[in-house]
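Q: can't give you the sequence, but here's the structure:
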């Protein structure tokens, strides 16, 4: 006889199951905490084109350009790059696309602008008012070509 009884086998199986459950719970807590830390990405300060962080004050700014830099492999890496006219100079900025809301219309085509607001949570929100990139119904153009 080896000394193993049915009672010993049941105790061993229960110990293994409890150990597996504890390991699974520990992993879920550790990984869940890591993911929760990534969720607060929208409250990060704005970065300019040189990578320097600065705080953009709430207000209305003239829009020089706007572009979405999307990475289709990752939802967390969606960026908006745009230029604002501040004190007569164009400042290049990059922010998370989750902070940006676009308002596209013909009435904004002549003078596009950005309204910067601060949310209740202290996060910066950008409302971009711009004209469409392409118009399909346009008036006919007449004239002669003088040079290539």
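A: That came in fine, so what should we check first? Values in this document were obtained by computation on a predicted structure and should not be read as measured data.
Q: distance of residue 28 relative to residue 64?
A: Note on residue 28: its distance to residue 64, by Cβ to Cβ, to the nearest Å, is 47 Å. Bear in mind the C-beta positions are built from the backbone N, C-alpha and C, glycine included.
Q: neighbour count: the two, which is higher?
A: A direct count of neighbours by other Cβ atoms under 10 Å for residue 28 and residue 64 places residue 64 higher, at 16 against 10.
Q: now do the strand or helix carrying that one: which elements does it pack against?
A: Element membership for residue 64, per DSSP states H and E: strand 59-69. Helices and strands touching strand 59-69, by 3 or more Cβ pairs under 8 Å, 6 or more residues apart in numbering; DSSP states H and E, are strand 79-86, strand 113-118, strand 124-130.
Q: output the lowest mean pLDDT helix or strand found in the chain.
A: The helix or strand of the chain with the poorest confidence is strand 46-48; it has a mean of 57 (mean pLDDT, DSSP states H and E).
Q: in the chain, which residue is most central in space?
A: residue 96 (3.1 Å; Cα atoms, centre = their mean).
Q: so that one touches residue 70, yeah?
A: No. Contact status for residue 96 versus residue 70: not in contact, 11.6 Å apart, counting by Cβ atoms under 8 Å.
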